[in-house]
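# give me the fold of what follows.
(one chain, ligands or ions: 1)
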Amino acid sequence: MTLIDTHCHLQASVFTPDREAVFARARLAGVQGFLCCGTEPQDWEAVSQLSRDQPGVVPAYGVHPWYIPENPESALQALEQRLTNEPRAWVGEIGLDRTFGPPLARQEAVFEPQLAIAQRFRRPVSLHCRRTWDRLLLYLKRWPVPAVLHSFSGSKAVAEQLLDRGDCWFSFSGALTQGRNARLPALLKFLPRSNVLIETDAPDLTPWPVWRETPGTRNEPAYLIYTARQVAEIWDLPLDETAKQLTKNAQALGWTRKTEVG
Ligand SMILES: [Zn+2]
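Model (predicted):
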């Protein structure tokens with residue numbers, strides 16, 4: 001069985017003491033692909049290094065809405081440089097957030113140029129969106145790049161509009177395993193199976209079965225299996241068929257073309 005973690009942050013310093021072991025456990029659990037997302041120019045080189053050192057790691061570079069730098073212009077130039085040098089790289093994690101971070105206008109002033117860059121370089125984007133669906137839909141219509149909504153939590157109405165736009169995928173995280181409300185499972189059932197992906201967002205969003213045993217546990221790609229199992233249950237499919245579908249979806253998006261997965 002092969003799984004692809006379509007959004008994680010394995011460059012995070014919390015993985016420094018045992019990063020090799022984290023990758024080894026991931027591979028043992030069938031996770032062969034990792035979209036490793038940068039969040040600000042300071043962590044992009046670490047992402048790049050991982051994509052060179054670790055099979056299956058695809059790099060993504062972006063300025064996260066919580067981490068808008070003093071000088072966004074130089075960050076945007078650095079992003080173009082990265083994409084020029086690294087033809088496999090995505091743009092991400094980028095997005096908009098009304099619950100945290102600087103004022104929305106400042107976030108948008110960095111978000112839209114990053115979409116424009118993604119379009120110019122023909123790269124997919126990995127998107128963060130919290131209570132900003134109105135604005136996100138507007139920008140995504142303006143910039144028709146392939147887009148993955150990371151840890152998707154929008155409404156059915158939002159999903160419908162994104163599906164109408166086309167070239168949108170919906171990535172489910174460990175939040176799906178919490179089972180506290182029926183909203184995410186209902187959303188998953190509603191979406192076409194070909195548009196669904198899974199992710200860990202490691203080191204965050206630890207799946208509930210792990211968290212319940214040991215609260216505070218750092219998330220890692222090996223735990224992607226818990227989300228895959230939950231998807232299988234909701235789809236009412238055997239786990240291996242579910243994994244096949246999810247991996248095919250990630251590959252359709254094109255991001256694994258030049259990695260070992262496939
Ligand atoms: Zn993230």
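# what is the longest helix seen in the chain packed up against?
When the chain is parsed with DSSP state H, its longest helix is helix 104-121. In terms of contacts (3 or more CB pairs under 8 Å, 6 or more residues apart in numbering; DSSP states H and E), helix 104-121 is packed against helix 72-85, strand 90-97, strand 125-130, helix 133-142. To be clear about C-beta, it is placed using only N, CA and C from the backbone, and glycine gets the same treatment.
# tell me which residues in stretch 212-222 are buried?
Along stretch 212-222, the positions that meet the burial threshold by neighbour count (16 or more other CB atoms under 10 Å) are Asn219, Glu220, Pro221, Ala222.
# same check, this time on stretch 174-188
Of the residues in stretch 174-188, Gly174, Ala175, Leu176, Thr177, Gln178, Leu184, Pro185, Leu187, Leu188 count as buried by neighbour count, 16+ other CB under 10 Å.
# up against the ion, what does the stretch 101-250 of the chain have?
Asp201 (CB under 5 Å from the ion).
# so where is this structure shaky, pLDDT-wise?
The chain contains residues with pLDDT under 70 at 255-262.
# how about the helices in it?
Taking DSSP H as the criterion, the chain carries its helices at 19-28, 41-53, 72-85, 104-121, 133-142, 156-165, 183-190, 208-213, 224-235, 239-252.
# winner for burial among these?
Looking across the helices of the chain with neighbours counted as mean count of other CB atoms under 10 Å, the highest average goes to helix 224-235: a mean of 21.
# what about the closest residue to Ser48 other than its chain neighbours, neighbour count?
Closest residue to Ser48 in three dimensions, ignoring its sequence neighbours and counting by CB to CB, 6 or more residues apart in numbering: Pro59, at 5.7 Å. For Pro59, the count of nearby residues is 25 (other CB atoms under 10 Å).
# residues in contact with the closest residue to Lys141 other than its chain neighbours?
The shortest distance from Lys141 to any residue other than its chain neighbours is 6.2 Å, reached at Arg165 (CB to CB, 6+ apart). The neighbourhood of Arg165, defined by CB atoms under 8 Å, 6 or more residues apart in numbering, consists of Leu137, Leu140, Lys141, Pro144.
# the residue of the stretch 101-250 of the chain found nearest the ion: how many residues sit nearby?
For the stretch 101-250 of the chain, the nearest residue to the ion under the criterion CB to the ion is Asp201, separated by 4.6 Å. Here the count is done by other CB under 10 Å, and Asp201 has 22 residues near it.
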